[in-house]
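> I'd like to go over a predicted model; first the sequence, then the structure.
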Amino acid sequence: MMLKLENVHTFYGQIEALKGVSLDVHPGEIVTLIGANGAGKSTLLMTICGSPHASKGAVLFEGQDITRKPTHVIMQCGLALVPEGRRIFPGLTVQENLQMGGFFADKARLDTDLERVFALFPRLKERRNQRGGTLSGGEQQMLAIGRGLMSRPNLLLLDEPSLGLAPIIIAQIFQILKEIREEGVTIFLVEQNAHRALQLADRGYVLENGRIVLADTGANLLANDQVRKAYLGG
Amino acid sequence: MSGFSLLEFIQQIINGLTLGSIYALIAIGYTMVYGIIGMINFAHGEIYMIGAYVGLLVITALGLFGVGNISAILLVTLAISILVTGSYGWTVERLAYRPLRGSPRLVPLISAIGVSIFLQNYVQLGQGARDVSMQPVLTGGWRFGPADGFQVYLSYMQVLIAVVTVAFMTGLTLFIARSRMGRACRACSEDRAMANLLGIDTDRVIALTFVLGATLAAVAGVLVSMYYGLVNPFIGFIAGLKAFTAAVLGGIGSIPGAMLGGVVLGLAESFASAYLQTEYKDVVAFALLILVLLVRPTGLLGRPDVEKV
C-alpha cells in the first residue's frame, strides 16, 4: 500500500474539518479526491503532510506511520506536494525553485533531475534564469509540479493543479500527469474539476463535509447519477 | 566652523563610511532575522556588545602573550569573537524565540526585550559596569592636504574597518546568492511554510540566520573595540538602535538595503556633526528615517510585501 488513511480526524481551530476519513492509494495508481469548496479536500492533503496533524486516526505511507511526524520529516519520506495556489518562490529563479525541490539531492543527481524536469517542461528550460514570479499561471503550475518531482517522490500529491488555468493549459497539465504516472510515480489528485480528474483517475473518492461519501473507479463515478448532479453539472 | 572646503568634505565622507560600515554590519542581523521570521530581534544590539567585549578581551590577552603582529591579532580575535558571539546568537534563538514560534507577534518581541535586559546585566555582573579599555593595537594613518591648512586624516584603522567590512559583506552576499543553504534562507524568507513542505527543517534555517547575524555583529564588535579601545555593557543599546534604523532605512528584510542604510546613516551623522553640531547627529539620523519612510514606506531598497494567495 502506498498511502493509507484510517479514520482520520483533523481540526482547524474549533472546526472539525475531517470527520473520520479512510482511504487507500495503491502503488502506480492515479487516485482522485473530488468535492465541493470547503468539503475538506485541502485539509486532507495537508493532514497527510502533517500540517496540521490529525487529531485522531492514522496516516500510513508505504506502511510507515507518519501521523505524528513533523512536516519536514514526512516530506523527506518519498512524497511531494504540489500545493494549492502553486506557491512557487517568486524571487527565486526557475532553476533555484527546482533546486529547492531537490534540496537533499547531491550535485550529480540534482543535474540529472533538472534535465528530467526540463525534458518534461521545455518551457521551464527556456526560462530557467527568470524569476518564478514573472511566469504566467500555467508556467508557474508547471514549475510547481517540476519542483515536486525534484525530490524523486514515490507519491505525488496535487492540490487543484487546474485552478485558474485556461482549458488548453489544463489539458497539457493532465497529459503530463499521465506521463508522470507512466514513469512510475503514484498520483493522488485533489480537484474541483471533477470531470477531467475522473477521466484521468483509476479510482476516485467523493468528499462531503469532511466525510467520504462515495468511492469507486473513475469511470463508475463519472457515470454515477449523484456525482453527475453534484459535480458534473447534471 | 570654517566654511565648506573640499578637504573637510572628504574627511566627513571617510568618517561617515567608517561609522556606516559598523552600522551596516549590525543592521544585516536585524534585517535577516526580520526577513525570515518577521520579528525585530531587539537583543541584537547586546549580541554586538558581547562581540565587542570578546574582541577586547582577546586582544588584551594576546597583548599579554606578546603577540604584536596585526594580522595575527585580527584573525585570532575575529575567529574567537565570531565563535563565542555566534553561540550566543544561536542560544538566544533556541531558548528565547523558538519556544514561542507560532505565538502572536508581540510575544517574541517582549521576549527579545527581556533577553536584551538580561544580557546587559549579565555582562555587567561578569565584567563590571564601567568602561573597559585597552591600548590601541593599530595606530597611525595618512595625512593629505596643505601643511598650513585643513588636512584629511585617514587612519590605518579606518582602512582596516572598510576592508574587513567589505570582505565579510561580499562573503555573505555570495553565500546567500550561491550556496544551497543561502538559497534555503531566501526561500524561507519568501514562504517558510512552503519550504517546510519541501522537507526543509526551517528551524535550522532560522537558527542559521541568527548565527550569521551574530557573526557580522561580532565582526562589528571587534572592529569597534579596536577602533575606540573602549567597551561597556551599554554600547549595544544605542548601536542597536542605530543599526535597526539603518535596516529600516534601507528596507527591512533586504540585505543590500541594510548595507546601504548603514552607509547612508553613517554619512548623515558624520555630516551633521561637522556642519551642524555634534549634538544634532542623532536628530538628523532619525529625521532622515522619518523622511524616507514618509516618501518610501518600504525603505530605500525594500519591496512591498508580495500578496500571498
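Perfect, thanks for sending it.

> show me the helices in chain A, by range?
Ranges of helices in chain A, per DSSP state H, are A:41-48, A:71-74, A:94-101, A:107-120, A:122-126, A:137-149, A:167-182, A:194-200, A:218-223, A:225-231.

> any idea of the mean pLDDT in the longest one?
The average of the pLDDT scores along helix A:167-182 is 94.

> what's the angle from it to helix A:137-149?
Relative orientation of helix A:167-182 versus helix A:137-149 (axes from the mean of the first three to the mean of the last three C-alpha atoms, to 10 degrees): 10 degrees.

> okay, and B:L75 sits in which element?
In this structure, B:L75 sits in helix B:70-92 according to DSSP states H and E.

> who's in contact with the helix or strand following that helix?
Counting by DSSP H and E, the next helix or strand C-terminal to helix B:70-92 is helix B:106-127. With contact meaning C-beta atoms under 8 Å, 6 or more residues apart in numbering or on different chains, helix B:106-127 is reached by B:37, B:39-43, B:45-47, B:49-50, B:53, B:88, B:92, B:96-97, B:100, B:233-234, B:236-237, B:240. Just so you know, the C-beta spots here come from the backbone N, C-alpha and C atoms, and that holds for glycine as well.

> then the helix holding B:L75 to CSV, C-alphas only?
Extracted in CSV, the C-alpha atoms of helix B:70-92 (Å, rounded to 0.1, in the frame of the first residue of the first chain):
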residue,chain,number,x,y,z
ILE,B,70,48.4,43.0,13.5
SER,B,71,47.1,40.4,11.0
ALA,B,72,47.6,37.6,13.6
ILE,B,73,45.7,39.7,16.2
LEU,B,74,42.9,40.4,13.8
LEU,B,75,42.4,36.9,12.6
VAL,B,76,42.6,35.2,16.0
THR,B,77,40.3,37.9,17.6
LEU,B,78,37.7,37.7,14.8
ALA,B,79,37.7,33.9,14.9
ILE,B,80,37.2,33.7,18.7
SER,B,81,34.7,36.5,18.8
ILE,B,82,32.6,35.0,15.9
LEU,B,83,32.7,31.6,17.6
VAL,B,84,31.6,33.0,21.0
THR,B,85,29.1,35.6,19.7
GLY,B,86,27.6,33.1,17.2
SER,B,87,27.0,30.7,20.0
TYR,B,88,25.2,33.4,21.9
GLY,B,89,23.1,34.2,18.9
TRP,B,90,22.2,30.6,18.4
THR,B,91,21.4,30.1,22.1
VAL,B,92,19.2,33.2,22.3
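
> any buried residues in it, and which?
B:73-74, B:76-78, B:80-82, B:84-86, B:88-89, B:92 (16 or more other C-beta atoms under 10 Å in any protein chain shown).

> check those residues and tell me the two furthest apart.
B:I73 and B:V92 (27.8 Å; C-beta to C-beta).

> circling back: can I get the helices of chain A in a markdown table with distance to chain B?
Listed next are these as a markdown table, based on distance: least, C-beta to the nearest C-beta, whole Å:
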| stretch | distance to chain B |
| --- | --- |
| helix A:41-48 | 9 |
| helix A:71-74 | 5 |
| helix A:94-101 | 5 |
| helix A:107-120 | 9 |
| helix A:122-126 | 17 |
| helix A:137-149 | 7 |
| helix A:167-182 | 17 |
| helix A:194-200 | 21 |
| helix A:218-223 | 27 |
| helix A:225-231 | 24 |
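
> worst average pLDDT in those?
helix A:225-231 (a mean of 88).

> centre of the chain to that helix, how far?
Helix A:225-231 sits 23 Å away from the centroid of its parent chain (C-alpha atoms, centre = their mean, to the nearest Å).

> now swap in stretch B:130-140 and tell me
With C-alpha atoms, centre = their mean, you get 20 Å for stretch B:130-140.

> can you list contacts of it?
Looking at stretch B:130-140 with C-beta under 8 Å, 6+ apart, the contacting residues turn out to be B:53, B:56, B:59-60, B:63, B:70, B:73, B:155-157, B:160, B:225-226, B:229-232.

> quick check: ChimeraX command selecting the buried ones in the residues you listed.
In ChimeraX, this line selects whichever of the contacts of stretch B:130-140 come out buried by 16+ other C-beta under 10 Å:
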select /B:53,56,59,73,155,157,160,225,226,229,231,232
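
> now intersect the contacts of stretch B:130-140 with the helices, please.
Short answer: the contacts of stretch B:130-140 in helices (DSSP H) are B:Y53, B:L56, B:I59, B:T60, B:G63, B:I70, B:I73, B:Y156, B:M157, B:L160, B:S225, B:M226.

> does the last one touch B:V58 like I think?
Think B:M226. No. Using C-beta atoms under 8 Å, B:M226 is not in contact with B:V58, being 10.7 Å away.

> what number of residues lie near B:L17?
B:L17 has 19 neighbouring residues, counting by other C-beta atoms under 10 Å in any protein chain shown.

> check which helix or strand it maps to.
Using DSSP H and E, B:L17 falls in helix B:6-37.

> how much does that helix deviate in direction from helix B:70-92?
Counting by the same axes, to 10 degrees, helix B:6-37 points 30 degrees away from the direction of helix B:70-92.

> check the residue lying closest to A:V25 once chain neighbours are set aside and give its pLDDT.
Closest residue in space to A:V25, ignoring its immediate chain neighbours: A:L3 at 4.1 Å, by C-beta to C-beta, 6 or more residues apart in numbering or on different chains. Note for A:L3: predicted pLDDT of 97.

> in the stretch 51-200 of chain B, what residue comes closest to chain A?
Nearest residue of the stretch 51-200 of chain B to chain A: B:G199, at 3.8 Å (C-beta to the nearest C-beta).

> quick one: that residue is in a strand?
No. With DSSP: H, G, I helix; E, B strand; the rest coil as the criterion, B:G199 is located in coil rather than a strand.

> show me what contacts the closest residue to B:S254 other than its chain neighbours?
If the residues on either side of it in the chain are set aside, B:S254 comes closest to B:L301, at 4.8 Å by C-beta to C-beta, 6+ apart. Applying C-beta under 8 Å, 6+ apart to B:L301 gives the contacts B:G250, B:G251, B:S254, B:P256, B:G257, B:L260.

> could you identify which of those residues has the most neighbours?
Ranked by neighbour count (other C-beta under 10 Å), those have B:G250 at the top, with 29 neighbours.

> can you give me the distance of that residue to A:V206?
Per C-beta to C-beta, to the nearest Å, B:G250 is found 53 Å from A:V206.

> how about B:S5?
83 Å.

> those two: who's more crowded?
A:V206 (24 against 12).
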